[in-house]
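**Q** just a sequence and a predicted model for now, questions to come.
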Amino acid sequence: MNIIVCLKQTFDTEEKVIIKEGQISEDGVKFIINPYDEYALEEAICIKEKYGGVVTVISIGPTRVESALRTALAMGADKAVLVDDERLFGDESTISKVLAAVIKQQEYDLILGGYMSVDNGAAQGGARLAEELDLPHIYAALKIDVNESQVVVERDVEGDIEVLESKLPIVITAQQGLNEPRYPSLPGIMKAKRKPIQHLTVEDLSLDMKQIKAKTNIKENILPPERQAGRVLQGELNDQVVELVQLLQGEVNPNG
């Protein structure tokens, strides 16, 4: 079975975000595999261990993303592809088109990815990619069972479990709780150093830059305002209620 895992490198979830001149500073920042993508990667490796096959991880980003791909290879992935051409970086629309172009060059039965990325939380990647590839899509999977050309997926639906069945190939995105990602072993780390990473550019993918142009543009990043200290109301209960209503009205309509 040939499994594709779409992987993104993100800030460590414990990193403090610093804004400089309207841009997020990467100085001294620790980067990790997006946690939701890590669930997808672990699931792909488990499926490979059960049925055999090849796991290929694909990512888009600068050269530093190689470290995330090396980690994926150390965990058990077989091949890695990095699109590190800055002309192909963009929003969810651009990324889905670029990923689709890369995947069309691969053999695949199953495509896995994270439900969302922790840096922007848009949760659009899986659906957009499935649309580009004209494949079915199941998001936020909590359990995946593959049986030859069929797949059965369980996902959380507002506190209940929904069970879906589909034929392969399909795009499935992973939710927290799908599995517990493994740590790379020392032998795996040593083997990963010898595994090649394929680098691709616009020319390799024969993409039309006009067709993959981003639909959105981020002009500036701004941190949310600091939380103000709480206020304790004093006096009789009725007086507190009146004061509370006045305060709330002031927040909703500060100009009166």
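**A** It's in.
**Q** hmm, who's touching the longest strand seen in the chain?
**A** Longest strand in the chain, counting residues (DSSP state E): strand 137-147. Strand 137-147 is touched from outside by 1, 43, 47, 50-51, 110, 115, 123, 126-127, 129-131, 151-156, 161, 164, 166, 168, 170-175, 177-178, with contacts defined as Cβ atoms under 8 Å, 6 or more residues apart in numbering. Every C-beta, even on glycine, is put in place using the N, C-alpha and C of the backbone.
**Q** I'd say V98 and L88 touch.
**A** Yes: here V98 reaches L88: they are 4.9 Å apart, a contact under Cβ atoms under 8 Å.
**Q** joint contacts of those two?
**A** I60, L205, L207, I212.
**Q** ok, the lowest-mean-pLDDT helix or strand in the chain: who's next to it in the sheet?
**A** Lowest by mean pLDDT, DSSP states H and E among the helices and strands of the chain is strand 23-24, with a mean of 80. Using DSSP bridges, the strands paired with strand 23-24 are strand 19-20 (antiparallel).
**Q** what's the neighbour count on R227?
**A** Residue crowding around R227 was assessed by other Cβ atoms under 10 Å; the count is 6.
**Q** and the least confident helix or strand of the chain, how far from the chain's centre?
**A** 20 Å (Cα atoms, centre = their mean, to the nearest Å).
**Q** stretch 203-221 too?
**A** 18 Å.
**Q** mind listing residues that contact it?
**A** Counting by Cβ under 8 Å, 6+ apart, 19, 22-24, 83, 87-88, 90-91, 93-94, 97-98, 101-102, 105, 202 sit against stretch 203-221.
**Q** so which of the residues you listed are in helices?
**A** Among those, the members found in helices (DSSP state H) are S93, T94, K97, V98, A101, V102, V202.
**Q** average model confidence for stretch 203-216?
**A** Per-residue pLDDT over stretch 203-216 has a mean of 91.
**Q** direction included, what does the longest strand of the chain pair against?
**A** Partners of strand 137-147 in its sheet, by DSSP bridges: strand 150-157 (antiparallel), strand 170-174 (parallel).
**Q** still on that earlier bit, ok, so of the ones in helices among the contacts of stretch 203-221, who is nearest Y183?
**A** V102 (27.6 Å; Cβ to Cβ).
**Q** the closest one touches L82, doesn't it?
**A** No: using Cβ under 8 Å, V102 is not in contact with L82; the gap is 9.7 Å.
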